[in-house]
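can you look at this prediction? I've put the sequence above it.
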Amino acid sequence: MTAILWWPAIVSITIVMSSCNNTKYLPKGESLYTGSKIKYISNDSSAKAQKEVLKEELEAIILPKPNSKILGMRIKLWFYNIAGKPTGKGLRYLVKNKLGEPPVVTSDINFEKNNSIMINRMQNRGYFNAASAWDTTTKDKKTTALFTVKPSVQYLIDSVQFPADSSELSKAIRNVTRRSRLRRGTPYDLDVIKEERIRIDTRLKQKGYYFFGDNYLLVKVDSTIGGNKVNMTLQVKPETPPQARYPYRIGDVLIYANYNIATDTSLKKENAILYDSFYVVDTYKKFHPRMFRRNIRFHPGDLYNRNDHNLTLSRLVSLGVYKFVKARFEEVDTVNDRRLNTFYYLSPNNTYSAKAQVSALTKSNNSTGTELTLSLKNRNAFRSAEQLSISGFFGLERQIAGQQNVGTNRFGGNLDLSIPRIIGPVRFGRNSDFVPNTKINLGYEYFRRSDQYTLNSYKTSFGWQWNTAVTTEHQFNPISINYVVPSGITPQFKAALDTSITLARSIERQFIIGSTYNFNYNSQAKPNNSKHNFYFNANADVSGNILGLVTGADVLNGKEKKILNTPFSQYVRGELELRHYLALGRPRRKKINQLASRVLIGAGYGYGNSTTMPFIKQFFIGGTNSIRAYRARSLGPGSFYAGNASVLKTYLPDQPGDIKIEMNSEWRFKIISIVRGALFVDAGNIFTMREDPSRPGSKFTCNFMDQLAVGAGVGVRFDINFLVLRVDAAIPVRKPYVSDGSKWVFDKIELGNSQWRRENLILNLAIGYPF
């Protein structure tokens, strides 16, 4: 069915569904509960200031919720009703129980209980004299409720008293009150009181109070002092056990390095190996004890600290060699000897794992193909949790472009070694919750394009990867080498190279030797209910700078220098990407109703021994994760237009650039069940730093805004948590290469014209969200 024919169907379905009256299915005397509203009345300035926050909080606690709506209609309720009473587990059962939801009738709602909960919630916020009343209105068998709330005056804290006696515990509590949120002049809030108890307990846990708990703290509140104020007194409960009143130090540290359910845990330190200050039980010597010295923070005599406790567990898990990690602390059985013997039970993963993966692919440039990947991983290659991975791949791909039928064969392999420590004269990442890694890579790829050319690629890199927080990652490769050698160029393709500089550069010999650094911040890596989430990635890539300085390379003046009979590349390159995710509606719904936006800016410059960056380092635009209204790598640079492969019915080379500007915005919303919808707009282009005679209009100028392309479209996604299948349909609405008339082409859109659709409508099939 063509795109234009979808609209009558959608409109018809909408009319039919909206005309259906869901209330006719209700039992006699029942009405459909359609929701509640809150009328907020207050003359107090503080209550007025908190109106929106308090209203939203009160609305959230009204239960149950009415039947959900999609585009203003209760579609799930409609599905439930039309399914009737299924007799088996056929289609009607599926519609009723999977797509539908039962009606929320008025008799299900305990309005008085909701009213009491709302009053209690306001009192917990310091509105001790709050009042609320409710009423309902029923019309056409639909009932709505109105809650009229009067918060009155919010009580403020007049004074806070902490334990004043001379005990060791009371002194410790007084020493951690500097950051307390219970302060004179702040509003009374029960949640803040609870948070203060937890905060004090957390700080005490960092000072050795292993057996203490927030439930041992009591906050007494006196609201009778007048003036809408309260006095608070924080006390330690009298029934607090003696162990909780004193700090503890670490005794012996015993590690069961190869623990399973059959392990004899009765073995004591006399049966273990003493390494540094640890006792290690590892009968088969599977792990080298030095691994624990780097990752276990507790040593005999150390004051117990919850941060060090959690840090040790986090680092042991991050090693990737253990399936389960457990710590146990046991009080030393000696009077007044306040020490904790520490036991670590470490259950290893399988040392070896193998994986075979077969994938099929289709691209917007008419390519289809398949790939087979085989990999083998050793999680403990050298007895200290080093992960050694060996992988090989073989792929076939075929592209049909006009009368040409181009086949691609590729195979190769990678060897990756990840060492869970920093090797080299640097110290970053050593005190992080996460284990820093030294990464070494070796790789080879053979690429053969039938009747055209062959490429042999060799690469290696050495670097470090470390996290400073769960949301922040750094990766620095001081050494990164890539060597590409073309061969087997056919006479026919050689003739094409002589007439296309861009095509010739795509298969030129390349020798890249340099360094890369990447910084990544992702607030969503840490679960949160924030309305705003951000993703930021910065990448810097330099090559040939030291070699260029030492050799005096200057290609513009005829001083081109070579390594292995290949000119080495000399360039600087940087790229910045910022994403913003705005949750629409309630925070709990942010994943299914969200406005996602992205800005991406990149630039690179070849100098010294190079006039441009290597082809594989240049920027491209267009495709499933870029500007979706243009085919992959086909847009630009600037106002240059290589043509439309669908119209020309021929192969078009990728279009590279030195500068990239891209902006995307996408509204993501839930349609039903696992089906998500999207409306999106993409804009951007690439440009060259220097004039390119073969691609007029490609150079970046101050008028670059006039050369930005814009595309818009709709998408459907099937989100099953671990996998997202995506279908996006997009059309260009601004074409930077239009020379006669406006570059905006809204007036030229003809969805009913098959020729127009063939030239402009792009269907993107992909896995995962575009950003």
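Here it is on my side, so go on. Computed from a predicted model, the values in this text were never measured in an experiment.

what residues of stretch 218-228 count as buried?
Neighbour-count burial for stretch 218-228 flags Asn228 (criterion: 16 or more other CB atoms under 10 Å). (Each C-beta comes from the backbone N, C-alpha and C, glycine too.)

for that stretch, the averaged confidence score.
Averaged across stretch 218-228, the pLDDT comes to 94.

I figured Ile661 was touching Gln707, is that so?
No. Counting by CB atoms under 8 Å, Ile661 does not reach Gln707; the two are 9.6 Å apart.

identify the contacts common to those two.
Residues touching both Ile661 and Gln707 comprise Asn685, Phe687, with contact defined as CB atoms under 8 Å, 6 or more residues apart in numbering.

how far away is Asn228 from Gln154?
8 Å (CB to CB, to the nearest Å).

just Pro486 next, same as before
75 Å.

tell me which of the two has more neighbours.
Neighbour totals were compared for Pro486 and Gln154, and Gln154 leads with 24 against 16 (other CB atoms under 10 Å).

so which helix or strand takes in that one?
Of the helices and strands defined by DSSP states H and E, none includes Gln154.

wait, it touches Thr186, no?
No. Gln154 is beyond contact range of Thr186, at 10.4 Å (criterion: CB under 8 Å).

how is the spatially closest residue to Ala496 that is not a sequence neighbour assigned, secondary-structure-wise?
Distance criterion CB to CB, 6 or more residues apart in numbering; nearest residue to Ala496, sequence neighbours excluded, is Leu503 at 6.1 Å. Classification of Leu503 using DSSP: H, G, I helix; E, B strand; the rest coil returns helix.

which non-adjacent residue is nearest Gly227?
Counting by CB to CB, 6+ apart, the residue nearest Gly227 is Asp158, at 7.7 Å.

do you know how far that neighbour is from Thr186?
Using CB to CB, which is the criterion applied here, Asp158 is 10 Å from Thr186.

cool, and Asn307?
With CB to CB as the criterion, Asn307 and Thr186 are 28 Å apart.

ok, now which ones touch Arg598?
Here Arg598 is in contact with Glu577, Leu578, Arg579, His580, Glu662, Met663, Asn664, Ser665, Phe771 (CB under 8 Å, 6+ apart).

at 6 Å what do you get?
Arg579, Asn664, Phe771 (CB atoms under 6 Å, 6 or more residues apart in numbering).

try Tyr344
Ile255, Ala327.

could the contacts of Arg598 go into JSON lines alongside secondary structure and distance to Arg734?
As requested, the contacts of Arg598 are exported to JSON lines (DSSP: H, G, I helix; E, B strand; the rest coil; distance: CB to CB, whole Å):
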{"residue": "Arg579", "secondary structure": "strand", "distance to Arg734": "23"}
{"residue": "Asn664", "secondary structure": "strand", "distance to Arg734": "14"}
{"residue": "Phe771", "secondary structure": "coil", "distance to Arg734": "20"}
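
most neighbours, which of those residues?
Asn664 (22 neighbours).

what sits opposite that one in the beta ladder?
Here Asn664 sits in beta bridges with Arg598, Asp682, going by DSSP bridges.

wait, doesn't it sit right on Val681?
No. Between Asn664 and Val681 there is no contact under CB atoms under 6 Å: 7.3 Å.

relative to Ile419, how far out is Ala257?
19 Å.

more neighbours: which of those two?
Ala257 (25 against 20).

and the nearest residue to Tyr769 once chain neighbours are set aside, what's its pLDDT?
Once flanking residues are discounted, Tyr769 sits nearest to Val724: 6.0 Å by CB to CB, 6+ apart. If you check Val724, the pLDDT there is 88.

any idea how far Val724 lies from Ser739?
Val724 is 40 Å from Ser739, where distance means CB to CB.

which one's more surrounded, the two?
Val724 (15 against 9).

what sits against that one?
Arg717, Gly768, Tyr769.

for Arg245, same thing?
Per CB under 6 Å, 6+ apart, neighbours of Arg245: Leu169.

can you report phi and psi for it?
When read as degrees, to the nearest 10, the backbone of Arg245 gives phi -90, psi 0.

more neighbours: which of Asp158 and Thr186?
Asp158 (16 against 13).

SS state for the more buried one?
strand.

from memory it sits against Lys229, does it?
Yes. At 4.0 Å, Asp158 and Lys229 qualify as touching, with contact defined as CB under 6 Å.

what touches both of the two?
With CB under 6 Å, 6+ apart, Asp158 and Lys229 have no common neighbours.

which element, helix or strand, includes Ser461?
Going by DSSP H and E, Ser461 is part of strand 453-469.

next structured bit after that strand?
Following strand 453-469 in sequence, per DSSP H and E, is strand 472-487.

where does pLDDT dip in the stretch 401-550 of the chain?
Scanning the stretch 401-550 of the chain for pLDDT under 70 picks out 401-406, 429-431, 502.

so which residues of it form strands?
404-419, 437-449, 453-469, 472-487, 510-522, 532-543 (DSSP state E, counting those that start in this stretch).

what of the stretch 51-200 of the chain?
131-139, 142-150, 156-161.

tell me which of those strands sits nearest to Arg449.
Nearest to Arg449 among these is strand 142-150 (65.9 Å), distances taken as CB to CB.

and for the helix or strand where Glu577 lies, what's in contact with it?
Using DSSP H and E, Glu577 sits within strand 571-583. Here strand 571-583 makes contact (CB under 6 Å, 6+ apart) with 531, 533-543, 590, 594-602, 604-606, 610, 613, 617, 771.

tell me the buried residues within these.
533, 535, 537, 539, 541-543, 590, 594, 596-598, 600, 602, 604-606, 610, 613, 617, 771.

below-threshold pLDDT in this protein: ranges please.
Using pLDDT under 70, the flagged stretches of the chain are 1-20, 263-268, 361-367, 399-406, 429-431, 502, 586-591, 644-652.

run the last query once more with 50
Applying pLDDT under 50 to the chain flags the ranges 1-8, 11-12, 15, 17-19, 364, 401-403, 587-588, 590.
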